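Trainee: Kindly generate the corresponding structure for this input.
(2 chains)
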Amino acid sequence: DAKTTQPNSMESNEEEPVHLPCNHSTISGTDYIHWYRQLPSQGPEYVIHGLTSNVNNRMASLAIAEDRKSSTLILHRATLRDAAVYYCSLGGGADGLTFGKGTHLIIQP
Amino acid sequence: DTGVSQDPRHKITKRGQNVTFRCDPISEHNRLYWYRQTLGQGPEFLTYFQNEAQLEKSRLLSDRFSAERPKGSFSTLEIQRTEQGDSAMYLCASSWGGSNYGYTFGSGTRLTVV
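Mentor: This is a model prediction of the structure:
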């Protein structure tokens, strides 16, 4: 399975943009890149996903490198409610999504 | 759309007992996934269904684990002869299709084996 590598934790200030990186150098050509976030004692929440092109939705933007070996989740203006563990995951085959260990995002007021 | 429901939210069982968890997916979704998550780790894929067909089950952790989705609606995950190492959060997710769609996760069932 293709693996993802993320920083263990990141810290940002409220109302500032946040860029969360993910490396996936063994990604296959058919793997989609998904991002989810998770609060304690809750299930993961879908944030965004894409294949090759950059994607935008109301929650975030996803920037995918041209070689697809890395991606960045962009939160344009962080709020305290964005504090969570963010998972970058890959999927495209029969095995569902493969999750990494995630990045614990801390937002300072 | 009430989201993905999982029942129970918490289960404490004695080692050696059997447990069964239920997942009710979003009704329009034809794919249903089961994951396990241990403390400090990301979710680990176990198995998935497309409608009532179980298309991948080689990732189930041992032959003590089994899953069903009768009639392509709700699903159950059973663990027989539980062990302390089975203590974890068990998550269910559903989606319209494969990885070209986002997944909707339930809140999970927290299993504690004592």
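Trainee: Let me see the ranges of the strands in the chain.
Mentor: If you meant another chain, say so; for now it's chain A. For chain A, the strands defined by DSSP state E occupy A:9-13, A:18-23, A:32-38, A:45-50, A:55-56, A:61-64, A:70-75, A:84-91, A:98-99, A:103-108.
Trainee: Oops, wrong one, chain B.
Mentor: B:5-7, B:10-13, B:19-24, B:31-37, B:44-50, B:53-56, B:65-68, B:75-79, B:88-95, B:104-105, B:109-113.
Trainee: B:Val113: how many residues sit nearby?
Mentor: 19 (other Cβ atoms under 10 Å in any protein chain shown). Using the backbone N, CA and C atoms, a C-beta is placed for each residue, glycine as well.
Trainee: Show me what it bridges to in the sheet.
Mentor: Beta-bridge pairing for B:Val113 (DSSP bridges): B:Thr13.
Trainee: wait, what's in contact with it?
Mentor: Neighbour list for B:Val113: B:13-15, B:82-87 [criterion: Cβ atoms under 8 Å, 6 or more residues apart in numbering or on different chains].
Trainee: worst average pLDDT in the strands of chain A?
Mentor: Ranked by mean pLDDT, these bottom out at strand A:98-99, with a mean of 90.
Trainee: residues from chain B in reach of chain A?
Mentor: B:4, B:6, B:33, B:35, B:40-45, B:48, B:55-56, B:59, B:91, B:93, B:98-100, B:102-108, B:110 (Cβ under 8 Å from any Cβ of the partner chain).
Trainee: Can you pull up the most central residue in chain B?
Mentor: By Cα atoms, centre = their mean, chain B has its centre lying nearest to B:Trp34, at 3.3 Å.
Trainee: Correct me if wrong: that one contacts B:Pro25.
Mentor: No: using Cβ atoms under 8 Å, B:Trp34 makes no contact with B:Pro25, being 11.0 Å away.
Trainee: tell me, what's touching those two both at once?
Mentor: Common neighbours of B:Trp34 and B:Pro25 are listed as B:75, B:92 (criterion: Cβ under 8 Å, 6+ apart).
Trainee: still on that earlier bit, same list as before, the strands of chain B that is, but in TSV and with mean pLDDT included.
Mentor: Listed next are the strands of chain B as TSV, based on pLDDT from 0 to 100:
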stretch	mean pLDDT
strand B:5-7	98
strand B:10-13	98
strand B:19-24	98
strand B:31-37	95
strand B:44-50	93
strand B:53-56	86
strand B:65-68	96
strand B:75-79	97
strand B:88-95	97
strand B:104-105	96
strand B:109-113	98
